[in-house]
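1. here is the input, now give the coordinates:
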Amino acid sequence: MEEPVTRVARLPGGPALPYAEQGDPAGTPVVLLHAVGDSWRAFEPLMAGLPAELHVLAPSQRGHGGADCPPQGYRPADFAADLAAFLDLLGIERPVLVGASSAGFTVRRYAADHPGRVRGLVLLGSPALLSDKPEAGALREAVARMADPLDPAVVRGTVESLVARPLPPDFVDLMVQEGLRVPARVWRDTVEALFDETGPEGPDRITAPALLIWGDRDGILPRADQERLAAALPRSALLVHEGSGHIVQWDDPGRTAADLAAFVAACCGGGGQSAA
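-> Numbering: from 1, shown residues only. Predicted coordinates for the structure are as follows:
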């Protein structure tokens, strides 16, 4: 797989979003949305394992990874509006949407509001709810104490706590640097808004097939949460990655890439087999 090309999408009336693009522009579009505190670069290990036949796009969302930082607008609904504008700007009609962790709220919101424009959903360690999770409450409290400039040790501790296997040191350093680029107010506003979400959306709103991938060593989300989310989505399957933590695409990027490619091929009309 060739290295992704980086560009900037200047959303009409909205923020400018850096994004990475790779694969065949005529292939099935797959849009990757990162979690709070990350950027498109959080998907580099996953993207390296995806087949060239897919048209992969990974934007850095508002307030993250060098994107514009508006003074407000960090609810899932705001990120979903940016996603709609991003897809319109690039002429992407019916993508597979991949939401990592907190970005699952965003892609579910978009899929509920635009059911005819979503080919499929892949949710990577994405909660049904956060407000009822004690472990997530600890993260909320830590974020509430953040102030600029951010403490690198706090960001590093957050990154390392989200996986069950050791990550390459250079990738940890990269994710720490990306987390430090996010202003404290963006961390706070984004996380607070996540705890206000009441989902999951019901079967009358989301009609696209969905794949939920969850690591059985996830320290934030219990299996019951994922089973609840799967039950709320009428065409869903829950896939468990044994030995993986909350960020399954970091713990086992090759397997996650293969699972994503198979989902696209089986449920969404093509995309080939994983190169991982």
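
2. state the helix or strand in which residue 174 lies.
-> helix 169-180 (DSSP states H and E).

3. also residue 73?
-> Going by DSSP H and E, residue 73 is not in any helix or strand.

4. ramachandran angles for it?
-> Phi and psi for residue 73, reported as degrees, to the nearest 10, are phi 100, psi 50.

5. in this structure, which spans are helices?
-> 44-48, 76-90, 103-113, 134-144, 152-161, 169-180, 184-195, 223-232, 248-251, 253-267 (DSSP state H).

6. neighbours of the nearest residue to residue 2 once chain neighbours are set aside, how many?
-> Computed as Cβ to Cβ, 6 or more residues apart in numbering, the closest residue to residue 2 that is not its neighbour in sequence is residue 22, at 6.5 Å. Yep, even glycine has a C-beta here, placed from its N, CA and C like the rest. Neighbour count for residue 22, taken as other Cβ atoms under 10 Å: 19.

7. for residue 22, name its beta-bridge partners.
-> For residue 22, the beta-bridge partners are residue 56 (DSSP bridges).

8. tell me where the stretch 51-200 of the chain is predicted with low confidence.
-> Along the stretch 51-200 of the chain, segments meeting pLDDT under 70 are nowhere present.

9. which residue is nearest the middle of the protein?
-> In the chain, the residue lying closest to the centroid (Cα atoms, centre = their mean) is residue 100, at 2.6 Å.

10. which residues touch it?
-> 32-35, 38, 42-43, 124-126, 247, 249 (Cβ atoms under 8 Å, 6 or more residues apart in numbering).

11. nearest to residue 104 among the residues you listed?
-> Among those, residue 126 lies closest to residue 104 (Cβ to Cβ), at 2.5 Å.

12. the closest one contacts residue 105, doesn't it?
-> Yes. Assessed by Cβ atoms under 8 Å, residue 126 is found in contact with residue 105 at 7.4 Å.

13. list residues touching both of these two?
-> Looking at what touches both residue 126 and residue 105 (by Cβ under 8 Å, 6+ apart), the common residues are residue 99.

14. quick check: buried residues in stretch 45-59?
-> Buried positions in stretch 45-59, judged by neighbour count with 16 or more other Cβ atoms under 10 Å: 45-51, 53-59.

15. coming back round to it: partners of the residue nearest to the centre of the chain in the sheet?
-> residue 124.

16. what do you get for residue 9?
-> residue 17.

17. report the separation between it and residue 36.
-> 20 Å (Cβ to Cβ, to the nearest Å).

18. these two: which is more packed in?
-> Set residue 9 next to residue 36 and count neighbours by other Cβ under 10 Å: residue 36 wins out with 24 against 21.

19. what's the first-to-last distance across stretch 195-208?
-> This stretch, stretch 195-208, spans 25 Å end to end (Cα to Cα, to the nearest Å).

20. how far is it from where the chain is centred?
-> Here stretch 195-208 is found 17 Å from its chain centre; the criterion is Cα atoms, centre = their mean, to the nearest Å.

21. and which of the contacts of residue 100 is nearest residue 96?
-> Nearest to residue 96 among the contacts of residue 100, with distances taken as Cβ to Cβ, is residue 32, at 9.5 Å.

22. is it true that that closest one touches residue 55?
-> No. Counting by Cβ under 8 Å, residue 32 stays clear of residue 55, with 11.6 Å between them.

23. need the residues touching each of these two.
-> Contacts common to residue 32 and residue 55, judged by Cβ under 8 Å, 6+ apart, are absent.
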